[in-house]
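Asks: my questions are about this predicted structure, shown below with the sequence.
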Amino acid sequence: MENLFGLIDCNNFYVSCERAFRPALEGRPIVVLSNNDGNVVARSNESKALGITMGMPFFKARPIIERHGVTWFSSNYALYGDLSRRVFDTIDGFVPALEHYSIDEAFVHFDGGHQTEDARDIRSTVRKWTGIPVSVGIGPTKVLAKVASAIAKRRPEYGGVVDLSGPDVDRHLADFDVADVWGIGPRYARFLKSGGEDNGEQPDLWEASGLPPVLRKQKIETALELSRCPDAWVRKHLTIRGLRLVWELRGISCLPLEVFEKPRKGLCCSRSFGRPVTTIEDLGEALAMYCARGGEKLRRQRLAASHLTVFVSTSRFQQNPKEVYSGAASWQLPFPTSYTPAIIAAARELLARIYKPGFIYHKAGVFLTDIVADAERQQSLLLRIDDERRIRLMEAIDGINRKYGRHMVRPLAMGYDRSWEMRRGRLSGRYTTRLEEVLKVRAC
Amino acid sequence: MMRVRTDELRVTSVSLPEASERFRLPLYLCRVSAGFPSPAGDYVESNIDLNEWLIGNKLATYIVRVEGDSMAGEIHSGDRLIVDRSLEPRNRDVVVACIDGEMIVKRLLVEDGRCLLAADNPEYPPVEIDGDRELIIWGVVTHGIRRLR
């Protein structure tokens, strides 16, 4: 049998991580907030049903949260990162190849013939070992696997596994909104659904396609309609990437599994201190400055990084071995970023892990690695990108700093006073990465 | 089930299953006598790896901390337990369970098709599991770890 693609997606991942250690919250409404408890970044199905939307500011969601007794959490990336690793390492044992796509999704290959059985095994094993529910979409291409997984999430009657490798694929595609197809952004969706009315060239192309008039100038509402569009027209209006996507919808695989990590290119910002530094606060401020500089460098070259390493060390001229220490720790960011506050937040987490009191630190720094070009990540169907508002904010800050001098506008984390402290009103335990924060079980 | 033989080895810390650093103690096959240039190095056979010893399935293993004395006898308040979620619970296993919204540690007893969650400490009555109470067996406890100094 041919090789099939699968997309395995953790359901409401951050919420499921919180539930894994508090099973009593199963079936109850939960939300997880972004850094600084600003916005809703994850919702349980019960919270979605209450009308809490993705990205809703906390203050707007608060009345609903209080009225309905919704449990809310600050985001606990240490926990989510570790559970993500456990989930995908577990899956890795079942499949011939796996591509990490994001913190809560992976593409896999299935051996054809028993793919739905394999998918069900994966689902129940991941659930048992990690407590995380996953959905599995199967198809002859990545785009179809992604469609299948969206259907699996939306329609619980399929038991979390949908296989589009069979003959009923058209029936599902006819029922699938074109706007939800992977890689079709809101702008393309609007264009397709308008029937091309805002584009004078279209009738000619329809003509050129040689289709009977009844098919011309139709609004494209569903994935099936898109898959039946003529190649020339797709290429003209949706570019070559759109054409690949349409071919994938037709079951012709154009996007391979990317199992090999891209070669690492990196940039490093580090410095020796002008004076001895002993406290974690001072180290944190120094690292924040290196992160700000690193972010700036990335943005100047139109790059983004998805891996961060932080290191601290005592002087290499230190003679007494009891006073020598150096520590380093790394973090895989959920997606490539050049957004300074995101880099700083991750660096602070890492510093807390490696900092040891009682040493005189001489040097600290950050490495930003796994670097991709902006253009590459905007064009790629495979990478998420920074929020538009964040990009504009960083552009504005860089503009001011270029004009009025470096660090004219800077993150408060770099210091002035110590008021910058990540607000995390309700952080659950880092149950799997900190011995002092493991789950408490009662014996009474 | 306590498997830490405290007369042989004092367990003072345990790395998490995923920790990259491994706790290695060289295991020698011969006695080393003082004052003699021992060729013991030739006999270094392997290392005792506590992770390997204490953790069967690292992807499904979690560490929890006990609060309370209902399991007194083998498990005491403050002990760390190693819990494997991939194991199927059997009769007389110590399990972590969620009952009425609380995470508890108890001994699972299966008798004549009845399910009991019993405390080792006789002062605590067992909890019978029937259809009315929602019970989730969260994981099976494989080891207990206690600091002795």
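Replies: Thanks, I have the structure now.
Asks: who in the stretch 101-250 of chain A is up against chain B?
Replies: A:125, A:128-131 (Cβ under 8 Å from any Cβ of the partner chain). For every residue, glycine as well, the C-beta is placed using N, CA and C.
Asks: quick one, which of these are buried?
Replies: Buried residues within these, defined by neighbour count using 16 or more other Cβ atoms under 10 Å in any protein chain shown: A:125, A:129-131.
Asks: for the residues you listed, work out which two are farthest apart.
Replies: Taking Cβ to Cβ, the two most distant members of these are A:T125 and A:G131; they sit 11.7 Å apart.
Asks: and chain B, which of its residues are near chain A?
Replies: B:13-14, B:16, B:18, B:57, B:59-60, B:62-71, B:75, B:77, B:80-81, B:85-86, B:96, B:98, B:101-106, B:119, B:124, B:136, B:138.
Asks: switch the cut-off to 6 Å
Replies: B:59-60, B:63-68, B:70-71, B:85-86, B:96, B:98, B:101, B:103-105, B:136 (Cβ under 6 Å from any Cβ of the partner chain).
Asks: B:G144 belongs to a strand?
Replies: Yes: the assignment for B:G144 by DSSP: H, G, I helix; E, B strand; the rest coil puts it in a strand.
Asks: how far away is it from A:L368?
Replies: 43 Å (Cβ to Cβ, to the nearest Å).
Asks: ok, these two, which is more surrounded?
Replies: A:L368 (29 against 21; other Cβ atoms under 10 Å in any protein chain shown).
Asks: so what's that one closest to, chain neighbours aside?
Replies: The shortest distance from A:L368 to any non-neighbouring residue, by Cβ to Cβ, 6 or more residues apart in numbering or on different chains, is to A:A305 (3.8 Å).
Asks: any idea which element the one you found lies in?
Replies: strand A:303-314 (DSSP states H and E).
Asks: quick one: A:F273 is in a strand?
Replies: Yes: assigned with three-state DSSP, A:F273 falls within a strand.
Asks: ok, so of the residues of the stretch 101-250 of chain A next to chain B, who is nearest chain B?
Replies: Set against chain B, the nearest of these by Cβ to the nearest Cβ is A:W129 (3.7 Å).
Asks: is it true that that closest one touches B:V83?
Replies: No: in this structure A:W129 lies outside contact range of B:V83 using Cβ atoms under 6 Å: 11.4 Å.
Asks: what about the helices in chain B?
Replies: Along chain B, the segments classed as helices by DSSP state H run B:50-54.
Asks: quick one: low-confidence parts of it?
Replies: Chain B contains residues with pLDDT under 70 at B:1-45, B:131-132.
Asks: what does the stretch 51-200 of chain A give?
Replies: Ranges of the stretch 51-200 of chain A meeting pLDDT under 70: A:196-200.
Asks: show me where it has its helices.
Replies: For the stretch 51-200 of chain A, the helices defined by DSSP state H, counting those that start in this stretch occupy A:58-67, A:77-92, A:115-130, A:142-154, A:169-174, A:186-193.
Asks: closest one to A:S34 among the ones you listed?
Replies: helix A:58-67 (8.5 Å).
Asks: tell me which residues of the closest one come out buried.
Replies: A:58, A:61, A:64-65.
Asks: what do you get for stretch B:102-110?
Replies: For stretch B:102-110, the neighbour count (16+ other Cβ under 10 Å) marks B:103-109 as buried.
Asks: kindly report the same for stretch A:41-57.
Replies: A:41-44, A:46-47, A:50, A:52, A:56.
Asks: how about B:N121: what's its closest non-neighbour residue?
Replies: Once flanking residues are discounted, B:N121 sits nearest to B:A72: 4.4 Å by Cβ to Cβ, 6+ apart.
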